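Asker: got a sequence here, can you build the structure:
(one chain, ligands or ions: 2)
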Amino acid sequence: MTIRSIEIRRAHIELVAPFQTSFGVETDRHLLYVRVVGDGAEGWGECVAMTDPLYSSEYVDGCEDVLRRYLIPCVTPDSTLQSVLDSMAAFRGNYMAKAALEAALLDYFTRLDGVSLATYLGATQTRVASGVSVGIQPSIDALLDVVGRYVADGYVRIKLKIEPGRDIEPVRAVRNAFGDDMLLQVDANAAYRVEDAEHLARLDEFNLLLIEQPLPEEDLVGNVDLVKRVRTPICLDESITTVEVARGALDIGACSIINIKPGRVGGYVEAKKIHDLCLSRGVPVWCGGMLETGIGRAANLALAALPGFTLPGDTSASKRYFTTDVTTPFELRDGYIDVPNGPGIGVTPIPAVLDAFTSSVSSIAID
Ligand code: SMG
Ligand code: MG
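Answerer: Ligands and ions are numbered 1, 2, ... in the order given. Model (predicted):
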């Protein structure tokens with residue numbers, strides 16, 4: 001049970017198509033993988049931070065720095081998961097960096113125990129219903145075309161990225177084209193202000209499942225006002241960084257649904273705490289995505305299999321983003337994706353494929 005080294009691997013992969021949100025356009029992913037190497041097993045984690053600090057304050061090169069300087073030094077040869085979590089807690093924020101290391105340790109320790117991450121976390125489902133996140137498109141025609149293809153693929157829920165000026169009409173067009181029964185929601189990635197409440201209330205007529213993160217990350221209180229003026233349920237993403245923030249948000253009535261992303265909240269252990277809190281209060285949750293490759297996607301599927309995940313997540317198939325994934329690709333079957341059931345996250349990178357995307361690997365001895 002001795003941890004010998006931790007590897008940081010940087011890689012680069014192109015997306016199948018540009019993904020536009022209210023804060024920018026992603027065309028590729030600069031990836032950071034953490035690999036824990038120990039006696040008897042190894043474990044993999046994927047960092048969800050983007051190249052630039054636009055979705056949140058974290059960015060992938062910053063994560064590498066904090067991992068090297070502060071987080072990896074929290075690991076000793078005989079560390080347990082809990083001892084590392086306790087040591088890392090001394091450092092503020094840096095949730096995505098912490099989550100990447102935690103994920104690799106979780107994969108490592110659950111593999112040693114011969115148990116799947118899904119079982120370890122308390123999963124009750126063997127497959128999860130999958131939604132898809134649709135980027136802002138250059139025209140309504142292009143949007144209808146893209147949505148039509150995802151509907152044909154079998155996705156059970158469509159999420160449209162919106163921003164001021166590209167919100168009401170795109171949603172109306174999609175509703176008209178695909179009917180009232182389609183599960184539909186929108187994500188603003190913090191592009192509005194509370195003064196836009198009246199405008200956002202115009203979305204009420206489209207019977208959306210939710211409006212995700214309409215206001216800035218820090219404006220938790222603004223949502224309290226917003227929820228009184230908009231009938232559509234408000235869901236928070238960026239704002240929810242810890243279980244304490246989640247509890248506070250629910251206590252003050254800032255939202256009625258939470259998007260849980262392990263990377264955004266510092267890892268799967270914290271993600272489970274938020275899940276448990278929401279389950280105890282009857283608050284629906286769903287699993288977000290950060291354009292993960294197979295390593296991160298596998299772990300998210302394990303989380304999404306917990307009982308409180310009653311809404312379809314952004315747990316799409318690998319080919320939604322990548323022509324070639326670094327693991328065996330995750331595929332959609334009848335709108336669902338199977339939860340991996342092997343030890344740990346249940347998948348490992350395919351060495352030749354991962355190597356082809358890799359730009360650097362460095363190993364840090366643990367002693
Ligand atoms: O993995 O399918 C995915 C991404 C889903 O829309 C998605 N993620 O705010 O929820 C969100 C965004 C964050 C990433 S945008 C580059
Ligand atoms: Mg979001």
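Asker: now stretch 115-134 - C-alpha only, CSV.
Answerer: C-alpha atoms of stretch 115-134 as CSV (Å, rounded to 0.1, in the frame of the first residue of the first chain):
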residue,chain,number,x,y,z
VAL,A,115,-14.1,-2.1,-5.7
SER,A,116,-15.6,0.2,-8.3
LEU,A,117,-15.7,4.0,-7.7
ALA,A,118,-19.5,3.8,-8.3
THR,A,119,-19.9,1.2,-5.5
TYR,A,120,-17.6,3.1,-3.2
LEU,A,121,-19.6,6.3,-3.7
GLY,A,122,-22.9,4.5,-3.1
ALA,A,123,-24.3,4.2,-6.7
THR,A,124,-27.7,2.7,-7.1
GLN,A,125,-27.9,2.8,-10.9
THR,A,126,-26.0,0.8,-13.5
ARG,A,127,-26.6,3.2,-16.3
VAL,A,128,-27.4,6.9,-16.4
ALA,A,129,-29.7,9.0,-18.6
SER,A,130,-27.7,11.4,-20.7
GLY,A,131,-28.2,14.9,-21.8
VAL,A,132,-26.1,17.0,-24.1
SER,A,133,-24.9,20.6,-23.9
VAL,A,134,-25.3,22.5,-27.1
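Asker: hmm, it touching ligand 2?
Answerer: No. For stretch 115-134, no contact with ligand 2 is found by C-beta under 5 Å from the ion; the gap never falls below 7.8 Å. Every C-beta, even on glycine, is put in place using the N, C-alpha and C of the backbone.
Asker: and that stretch, what's buried?
Answerer: Of all the residues in stretch 115-134, those buried under the rule 16 or more other C-beta atoms under 10 Å are 116-118, 120-121, 123, 128-134.
Asker: between those, which is nearest ligand 1?
Answerer: Proximity of those to ligand 1 (C-beta to the nearest ligand atom) peaks at residue 133, which lies at 3.4 Å.
Asker: surely the closest one touches residue 162?
Answerer: No. With contacts counted by C-beta atoms under 8 Å, residue 133 stays clear of residue 162, the gap being 11.5 Å.
Asker: which residues are common contacts for those two?
Answerer: residue 187 (C-beta atoms under 8 Å, 6 or more residues apart in numbering).
Asker: quick one, strands of the stretch 51-200 of the chain?
Answerer: Secondary structure of the stretch 51-200 of the chain (DSSP state E, counting those that start in this stretch): strands located at 127-129, 131-134, 157-161, 183-187.
Asker: contact partners for the residue in the stretch 251-367 of the chain that ligand 1 sits nearest to?
Answerer: The minimum distance from the stretch 251-367 of the chain to ligand 1, using C-beta to the nearest ligand atom, falls at residue 289 (2.3 Å). Taking C-beta under 8 Å, 6+ apart, we find residue 289 in contact with 133, 261, 297, 300, 313, 314, 315, 316.
Asker: report pLDDT for residue 1.
Answerer: Residue 1 is assigned a predicted lDDT (pLDDT) of 78.
Asker: out of the contacts of residue 289, who's the most crowded?
Answerer: The most crowded member of the contacts of residue 289, judged by other C-beta atoms under 10 Å, is residue 300 (32 neighbours).
Asker: still on that earlier bit, which two of the buried residues of stretch 115-134 have the greatest separation?
Answerer: Among the buried residues of stretch 115-134, the pair separated by the greatest distance (C-beta to C-beta) is 120 and 134, at 32.6 Å.
Asker: which bits of the stretch 251-367 of the chain sit near ligand 1?
Answerer: 288, 289, 290, 291, 314, 316 (C-beta under 6 Å from any ligand atom).
Asker: distance of the residue lying closest to residue 180 once chain neighbours are set aside relative to ligand 1?
Answerer: Distance criterion C-beta to C-beta, 6 or more residues apart in numbering; nearest residue to residue 180, sequence neighbours excluded, is residue 207 at 6.4 Å. Here residue 207 is placed at a distance of 21 Å from ligand 1 (C-beta to the nearest ligand atom, to the nearest Å).
Asker: wait, residue 64 sits on residue 30?
Answerer: No. Judged on C-beta under 8 Å, residue 64 makes no contact with residue 30 at a distance of 10.1 Å.
Asker: whether whichever strand in the chain runs longest contacts ligand 2 - can you check?
Answerer: Criterion DSSP state E: the longest strand present in the chain is strand 3-21. No. On the criterion C-beta under 5 Å from the ion, strand 3-21 is out of touch with ligand 2, staying 8.2 Å away.
Asker: buried stuff in that strand?
Answerer: 3, 5-11, 13, 15, 19-21.
Asker: same deal with stretch 203-221?
Answerer: 203, 206, 208-217, 219-220.
Asker: from those, which is closest to residue 334?
Answerer: residue 209 (20.1 Å).
Asker: tell me who's in contact with that closest one.
Answerer: 157, 183, 184, 185, 233, 311.
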